[in-house]
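**Student:** Give me coordinates for this.
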Amino acid sequence: MWPQVYFNWLKNSSPTGEVEIYPELSDSYETNLPNVFVIGDLTGVPLLKMATESGVQVWNHIPNFKNDRYDVVIIGSGPSGVSCALEAKRLGKKYIVLESNLPFQTIQSYPNGKPIFAEPSDFVGSSAIKIVDTTKEGLLKDLNQFLKQNPIQIETNQRVVRIQKDQIGYTLETESGSKYQTNSVVIAMGKSGDPKKLGIKGEMGSNVLYRLIDPKDTKDQSVVIVGGGDTALESAIMCSEYAKEITLIHRGNEFNKAKSENVKKILALATQGKIKILYNATLTEINQTNVFAKVKESALKIKSDLVYILIGNLPPLHFFQKIGVKLQNQKNFLDWLGFSSLMSFAFTAYFGKASFYGPFWFSAVASTFAVYSVLSLILYVTISLTKNKQKFDKWKMFKVTYFLFAFLYFLSVYFLATYQQFQLFGKFPSFHYTLLYSLTILIFGIRRMMVRKTQYILYQTLSLIGIQIFFLFLLPELILPMLGDLGYLGGPEGFMRREIFPSDAYWKAYGFILAWPLSIGVLYDGGITTFWLFYGLSFSFVLIPLLVYHYGKGVYCGWICSCGGLAETLGDEHRQKMPHSTTAYRWEHTGQYILLLAFLLTFLKLLSVYGKSLFPFLTLGEMIADSIKLYYDIFVDIGLAGVVGVGCYFLYSGRVWCRMFCPLASLMHIYARFSKFRIFSEKKKCISCNICTKNCHQGIDVMGYASRGIPMDSVQCVRCSACVSLCPTDVLSFGKLNGNQITFDLLDAKTRK
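**Tutor:** Below is the predicted model of the structure:
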């Protein structure tokens, strides 16, 4: 019972929402199919301004072929599709727009009188279509008038059912049997697919509707509306002028996903008695005259002539699956093959570099997985080249080349040292692993600074690169051994070589940066000296708590830690792959058990070391601790921090170890519960696009905080700034909470370089 109480205290009622699934796209809007692009709502940004802009920007990436085919076939004639067609017309391209219904049909299906917000208000795009604050009717009038003045090549009532790759490009087939040959395809069909359903009895009745077209249809009717988003609230507001009575059923205890203007209106109507709101309620059954709802422990019977279930729509995922477009976080055989290959390499790297200090069977494990990693990598490359699904750009080609180099370099070093007793540059494999680790952070760090151009990311990445290269590579591996050989560290009995580096253990320099219990050896391993006892206790229990109190856990995890350094650089392109499932949330507190074990082992070790002179029986305690510590090193340091942490990079993001298993992070979770650091949000600007949650590689439901307008205080936050810098409406900001006062960080995570 007590662990759950403790975990609930750590979690502090954090939201745990999942993310919507969209097609997997590159930065150029391209899918896994070469020259097949997706624009508009299906990019994950539900803003009309951004949708029209994507129709223009996609032309920066559509290749120019010289043949008799269409340069592009555009599927869908919403704002993004029409914007794309207008840009094609301006560029003199050969194009055609295929529309399954009529132009702007999705907007036509909005409820009459629905308000349209032109967000972001300060964004000025390059599209010929201009979006302004208006209503559904005003927007349709403007769009249709604009289309009349600027005609495009469009064929209506042509629903695309098949996209087939051919020798040159693609052949598209519609329901009517028409075929179109093109070099490229732009899918701009929007995400208004099938409506989400409740899965209850009576849901398919004639009185159940999933879209409100005309509020006048509810005149003198008893209406039940299910939902808590803007669509449900706006529908209830509009119907309140006509319906006899309205009951709004919402599963939450507040409307945290709706715009503040809509919430104010709905609450005012509820106060006036025009709308009855049922919070924390669930619809359980529908018939022709009534609905049945469960509210807490009671059941209600509510009169209903019309029932509107307005809980959103499912993206047209079936269409994408049918044509072979990969969805976000969808795993195929190649993904699992690549994952097993990387995981095997991680086994080889971590057991291999430890084999020269650990048990004899480490070499057998490393060698076995090395063989599999080579075979699986050959198979992976062969299948990738055969299928040729990916269009490799220069960066992708560089990455592949670098990974092959790193892979072959370490395997060569390991096998030469193990079976030929040859040490490259006279160094053990652990040196070469650290070299590759530092080189990877440098290369991918430079790439991160070039792509994500904010001042915050510039300074953060420079900090991570500098600490890794100097403090965690050059200092312990090269500088200190050289200074020791030259005599600059003093004699064996001097302070430096007696207290800081006893027996010339220069590896202890890692302890300057890697605090206990991330590096349990700071306070545990043999040769414990007064210096390391004082430094280790001060670092983990004084300095870090002070830093976390003022700046949040991310001051260490995002700016100092070597694990975080690799995650923010190599893992930057894979942050969207972190699971947000219920299972993932359950695994989050695993590190607390590892922290407890680390504490018990360290306490027993220190008690024995400093107490056995008074109590000889404590020698037995030290023996027990040392025997358990061996398995701790294998399971935690090598297995979880090394093999799992690195092996999961390209399948489940680079923060699996940090989020779920790291004992130091778990210790900082306790400190973070008292921290002043927050991520603040302007709720009225939040459009619930889920980009912040999707890009959080710590699995935080950032949108759950932002849509409620409450400060984000999750102990998992590592200050990576992805949610802040990627928010399309600038909702989020770093800051501190001092009582009732808010102070924002001087180094704004949104400020461009």
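**Student:** tell me what the helix or strand that contains F599 is packed against?
**Tutor:** In this structure, F599 sits in helix 590-611 according to DSSP states H and E. Packed against helix 590-611 by the contact rule (3 or more C-beta pairs under 8 Å, 6 or more residues apart in numbering; DSSP states H and E) you find helix 2-11, helix 618-632, helix 663-672. Every residue, glycine included, has its C-beta placed from N, CA and C.
**Student:** any idea which helix or strand carries the nearest residue to L334 once chain neighbours are set aside?
**Tutor:** Leaving aside its sequence neighbours, L334 sits nearest to I383 (C-beta to C-beta, 6 or more residues apart in numbering; 6.1 Å). Using DSSP H and E, I383 sits in helix 361-387.
**Student:** tell me what that helix is packed against?
**Tutor:** helix 333-354, helix 394-419.
**Student:** What residues sit buried inside it?
**Tutor:** Neighbour-count burial for helix 361-387 flags 362-363, 365-367, 369-370, 372-374, 376-377, 380, 384 (criterion: 16 or more other C-beta atoms under 10 Å).
**Student:** related to what we said a few turns ago, nearest to I74 among the helices and strands packed on helix 361-387 would be which one?
**Tutor:** Within the helices and strands packed on helix 361-387, the stretch nearest I74 is helix 394-419; the backing value is 26.4 Å (C-beta to C-beta).
**Student:** Pull out the buried residues from the closest one.
**Tutor:** Going by neighbour count (16+ other C-beta under 10 Å), the buried part of helix 394-419 is 399, 403, 406-407, 409-411, 413-415, 417-418.
**Student:** likewise stretch 154-170?
**Tutor:** For stretch 154-170, burial by neighbour count (16+ other C-beta under 10 Å) applies to 154, 158, 160, 163, 169-170.
**Student:** Next, give me the two most distant ones among these.
**Tutor:** Using C-beta to C-beta, the buried residues of stretch 154-170 span at most 20.4 Å, a distance reached by I154 and G169.
**Student:** quick one: the strands in the stretch 201-350 of the chain?
**Tutor:** Remark: strands assigned in the stretch 201-350 of the chain by DSSP state E, counting those that start in this stretch are 208-209, 222-226, 245-249, 276-278, 281-286, 290-295, 298-303, 306-309.
**Student:** what is the rounded mean pLDDT of stretch 627-641?
**Tutor:** Per-residue pLDDT values over stretch 627-641 give a mean of 93.
**Student:** and G536, what are its phi and psi?
**Tutor:** Dihedral pair for G536: phi -60, psi -40, per degrees, to the nearest 10.
**Student:** W516 is in contact with that one, correct?
**Tutor:** Yes: the pair G536 and W516 qualifies as a contact (C-beta atoms under 8 Å) at a distance of 5.2 Å.
**Student:** Check for me that S127 belongs to a strand.
**Tutor:** No: the assignment for S127, made by DSSP: H, G, I helix; E, B strand; the rest coil, is coil rather than a strand.
**Student:** how many neighbours does it have?
**Tutor:** Neighbour count for S127, taken as other C-beta atoms under 10 Å: 22.
**Student:** okay, it: pLDDT?
**Tutor:** 88.
**Student:** Am I right that it is in contact with V58?
**Tutor:** No: using C-beta under 8 Å as the test, S127 is too far from V58 to be in contact (11.2 Å).
**Student:** Could you measure from the residue lying closest to R211 once chain neighbours are set aside over to L102?
**Tutor:** In space, R211 comes closest to S109 once its chain neighbours are excluded; the distance is 6.0 Å by C-beta to C-beta, 6+ apart. Using C-beta to C-beta, to the nearest Å, S109 is found at 11 Å from L102.
**Student:** mind pulling up the phi and psi values for I700?
**Tutor:** phi -80, psi 140.
**Student:** Contact partners for it?
**Tutor:** By C-beta atoms under 8 Å, 6 or more residues apart in numbering, the residues touching I700 are 14, 693, 712, 714, 716-717, 723.
**Student:** Closest one to L546 out of these, please.
**Tutor:** Lowest distance from L546 to the contacts of I700 (C-beta to C-beta) belongs to C717, with 17.6 Å.
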